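*Asks:* when you get a sec, could you give me coordinates for this:
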Amino acid sequence: MVKRYRSALASRLGQNLAYYRKRAKLTQEQLAEAIRIETATISRYETGIALPSLVTLEALSELLRVSIADLLTEEAFPRSEEEEQFLVLLGALSPGERSAAIDALRGLLSLLRKQSPRPRKTLKPGSRDLDQKQADSTG
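*Replies:* Residues are numbered from 1 along each chain as shown. Model prediction:
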């Protein structure tokens with residue numbers, strides 16, 4: 001038996017569940033089948049009419065590859081297209097693969113930072129740097 005609720009928590013969970021389900025490119029039917037519940041129950045969760053049990057909430061979070069906190073959070077979702085692509089790519093990986101991918105990305109970002117041109121310092125008349133540069137060029 002599914003308990004019926006009308007609360008901010010139920011509404012928030014429903015919105016988040018629908019968002020993450022769609023991001024995973026799953027229908028309500030596919031999600032329901034994967035965790036062995038009725039499609040109508042997923043619909044009730046997403047509309048905020050019902051709240052899942054903790055066991056069901058855990059199954060949903062594992063299947064959607066998000067934390068339980070992500071399903072319950074009040075934060076808005078709008079993310080850039082790049083952030084979404086990154087999250088989808090990471091979400092398709094196992095925890096070990098995800099960790100390796102993040103380490104590889106950190107290394108890549110470090111290399112990119114080293115290669116990108118840095119803003120040049122403007123040398124002002126009378127500054128020590130300008131005086132040194134002039135001395136180097138005449139010396």
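
*Asks:* so where do the helices sit in the protein?
*Replies:* Secondary structure of the chain (DSSP state H): helices located at 8-23, 28-35, 39-46, 54-64, 68-72, 81-91, 95-115, 128-138.

*Asks:* would you format those as JSON lines with mean pLDDT included?
*Replies:* Putting the helices of the chain into JSON lines (pLDDT from 0 to 100) gives the following:
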{"stretch": "helix 8-23", "mean pLDDT": "92"}
{"stretch": "helix 28-35", "mean pLDDT": "97"}
{"stretch": "helix 39-46", "mean pLDDT": "96"}
{"stretch": "helix 54-64", "mean pLDDT": "96"}
{"stretch": "helix 68-72", "mean pLDDT": "92"}
{"stretch": "helix 81-91", "mean pLDDT": "82"}
{"stretch": "helix 95-115", "mean pLDDT": "90"}
{"stretch": "helix 128-138", "mean pLDDT": "49"}
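
*Asks:* any chance of TSV for those helices, columns mean neighbour count?
*Replies:* For the C-beta atoms, the positions are set from N, CA and C on the backbone; glycine is no exception. Shown next, in TSV, are the helices of the chain (neighbours: other Cβ atoms under 10 Å):
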stretch	mean neighbour count
helix 8-23	18
helix 28-35	16
helix 39-46	19
helix 54-64	16
helix 68-72	15
helix 81-91	12
helix 95-115	10
helix 128-138	10
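
*Asks:* could you check how far the nearest residue to Glu84 once chain neighbours are set aside is from Val55?
*Replies:* Spatially, and ignoring its direct neighbours in sequence, Glu84 is nearest to Arg23 (7.3 Å; Cβ to Cβ, 6 or more residues apart in numbering). Note on Arg23: its distance to Val55, by Cβ to Cβ, to the nearest Å, is 23 Å.

*Asks:* likewise Gly48?
*Replies:* As for Gly48, its distance to Val55 is 20 Å (criterion: Cβ to Cβ).

*Asks:* next one: Glu82
*Replies:* Distance of Glu82 to Val55, given as Cβ to Cβ: 35 Å.

*Asks:* same thing with Gln85?
*Replies:* Taking Cβ to Cβ, one finds Gln85 at 32 Å from Val55.

*Asks:* check Gln30 too.
*Replies:* For Gln30, the distance to Val55 - Cβ to Cβ - is 20 Å.
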